[in-house]
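Colleague: task: produce atomic coordinates for the following.
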Amino acid sequence: MTEELIRALLRDQHPDLAAFPLRHAATGWDNQLWRLGGDLAVRLPYATERASDLLVKEHRWLPSLASRLPLPVPTPVRLGVPSERFPKHWTVVSWVPGTPADRAPVTCADAAVALGAFLTALHREAPADALTNSDRGLPLATFTPALPTAPLRAIWADALAAPAWSGPPVWLHGDLHPANVVTTDGTLSGVLDFGELCGGDPATDLAAAWVLLPDASRLFTAYATDDATIRRARGWAVLSASRLVSIGEAGPPGGKPTWAVAGRAALARLQA
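Modeller: So this is what the prediction gives:
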């Protein structure tokens, strides 16, 4: 991606934004992010075939959810459509300030209160036409992770044995790991990348208690739930942290070393 390409796309489809200052901000798993002016960003599919569809999904659902969420999120404000210049959908979203938590981890205890409030607001019953996800919000028995230690295998077995979610599917972020939240002064200041947004078991998101926070127990003071859901959440945390380690250790061009560090830290917390 180049600044010239993005300016041309803006001139073609959103000319009122085309003169704003523009600079590259980050390259994620699916998209590139370019800062646009003071309070906007452009997200463009970059590395995966699915990225365009995920941006369309965010544009469809996230604006209606964002108004009730107590932390800033990158709310889509414009949609770019495929063209001769660029054959995929792209979006303009609100800019969320902060540093990704894989580079500036959560250190403040009050982050658990912020995350609990965020998840309480998000985890409402999803509408009948909400999207499902083949990799999130499902029964844990769907997955067969290779776990290297006896404590992790015990946590996984206990999560599998926990009663299944019996309530309706609730809205899930689906991908609450350190690269998808930002921090300021050690506490949560925003939540990014809703590409995995779907309906399902809230335990999927509650894995963030171990994946994001230095003390998992504090989240469950701020977020009321039952013991079975906490047990399933521990299983989801094992799965999420293991994926972070695997991706982080993959090596270039796909590897993200800071993800491996975050994943190993989460696995250590789970086994403590």
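
Colleague: count of neighbours near A19?
Modeller: Neighbourhood size, A19 [other Cβ atoms under 10 Å]: 11. Where C-beta positions appear, they are placed from N, C-alpha and C, glycine not excepted.

Colleague: where does the protein have low pLDDT?
Modeller: Residue ranges of the chain with pLDDT under 70: 251-255.

Colleague: state the distance from the residue nearest the centre of the chain to A109.
Modeller: Central residue of the chain (Cα atoms, centre = their mean): D175, 3.5 Å from the mean position. Separation of D175 from A109 (Cβ to Cβ, to the nearest Å): 24 Å.

Colleague: so which strand or helix has T258?
Modeller: helix 257-271 (DSSP states H and E).

Colleague: centre of the chain to that helix, how far?
Modeller: Relative to the chain's own centre, helix 257-271 is displaced by 16 Å; criterion: Cα atoms, centre = their mean, to the nearest Å.

Colleague: which parts of it are buried?
Modeller: 258-267, 269-270 (16 or more other Cβ atoms under 10 Å).

Colleague: so how far is the first residue of stretch 122-137 from its last?
Modeller: With Cα to Cα, to the nearest Å as the measure, stretch 122-137 spans 14 Å from end to end.

Colleague: which residues outside it are in contact with it?
Modeller: 57, 61, 65, 69, 168-175, 196-202, 204-205 (Cβ atoms under 8 Å, 6 or more residues apart in numbering).

Colleague: how about it: buried residues?
Modeller: 122-123, 126, 130, 133, 136-137.

Colleague: what of stretch 179-190?
Modeller: In stretch 179-190, counting by 16+ other Cβ under 10 Å, buried: 179-183, 186-190.

Colleague: list just the nearest of the buried residues of helix 257-271 to A216.
Modeller: R269 (6.6 Å; Cβ to Cβ).
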